[in-house]
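K.L.:
Pasting the sequence and the predicted coordinates here, then a few questions.
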Amino acid sequence: MTVYQPREDSRLLAKKILEMNLDGENCLDMGTGTGIIAEKMVKSGAEKVLAVDVNPEAVEEASDKLGKHDNTEVKSSDLFENVEGNFDLIAFNPPYLPGDDLDEDLEGREIWRGGDSGEEFTEEFLETAEDYLAENGRILFVVSSLSDFDTDQYEIVDTKQLWFEDIYLLKAGNF
Ligand SMILES: C[S@@+](CC[C@H](N)C(=O)[O-])C[C@H]1O[C@@H](n2cnc3c(N)ncnc32)[C@H](O)[C@@H]1O
């Protein structure tokens, strides 16, 4: 499976992570891809970073990128299947685009398709993610205006306007 190479959505999330002070924090980078977000978590002072992805090639690429950091672990996991513990920060730039049955033969659809109307996979992630948050932990995640995701109940942290979509960085958490 192709590894998702960092794009505008990755950069929106990466920029925010770099602005944060993560000193002493335990962080989870869900769907790490190349490892770009986990790398920024380390740069922002995270004490421990767990990076997971369901795509074996992403796990390999992220392991190469992050291997030099002793406080970082890279694992294969389908969402939280192989994740244990509680995290101060969970970040996810998920597959969020809508795709119907016609897309089934498209190579790499797993890295961008979030469900028939785009938001289903993100909602599944959010339902479970709360169980893995530490007290006062927060979740940063990316959604697209091309999906039916209802942004109303979340804080909008940042937005990027592209010619064909708006990308939102949203925050959820125990606070
Ligand atoms: C849009 S890419 C983001 C990659 C990287 N975090 C970035 O921002 O560039 C979504 C990532 O989620 C991964 N992914 C898709 N389904 C997943 C699942 N069920 N569990 C874990 N990771 C998943 C994909 O393999 C892909 O690497």
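P.N.:
In hand now; what should we look at?
K.L.:
any idea of the mean pLDDT for stretch 164-174?
P.N.:
Stretch 164-174 shows a mean pLDDT of 90.
K.L.:
Is the ligand within reach of that stretch?
P.N.:
No: using Cβ under 6 Å from any ligand atom, stretch 164-174 stays clear of the ligand, coming no nearer than 10.8 Å. Every residue, glycine included, has its C-beta placed from N, CA and C.
K.L.:
Around the ligand, which positions in this structure sit nearby?
P.N.:
Proximity of the chain to the ligand, by Cβ under 6 Å from any ligand atom, involves residues 4, 6, 10, 13, 31-33, 36-37, 52-55, 58, 77-79, 93-95, 110-111.
K.L.:
In strands only, show me the residues you listed.
P.N.:
Judged by DSSP state E, the subset of those located in strands is 52-53.
K.L.:
among the residues of the chain next to the ligand, which ones are buried?
P.N.:
By neighbour count, with 16 or more other Cβ atoms under 10 Å, those hold 4, 10, 13, 31-33, 36-37, 52-55, 58, 77, 79, 93-95, 111 as buried.
K.L.:
For residue 138, which non-adjacent residue is spatially closest?
P.N.:
residue 173 (3.4 Å; Cβ to Cβ, 6 or more residues apart in numbering).
K.L.:
Pull the contacting residues for the one you found.
P.N.:
With contacts defined as Cβ atoms under 8 Å, 6 or more residues apart in numbering, residue 173 is in contact with 133, 136-139.
K.L.:
what about the chain, any weak spots by pLDDT?
P.N.:
Counting by pLDDT under 70, the chain shows low-confidence ranges at 100-110, 174-175.
K.L.:
cutoff 80 now
P.N.:
The chain contains residues with pLDDT under 80 at 1, 97, 99-118, 174-175.
K.L.:
which other residues reach the lengthiest strand in it?
P.N.:
Counting by DSSP E, the longest strand found in the chain is strand 133-144. The contact list for strand 133-144 (Cβ under 8 Å, 6+ apart) reads 9, 12-13, 16-17, 26, 86-94, 96-97, 118-119, 122, 125-126, 129-130, 149, 151, 157, 165-175.
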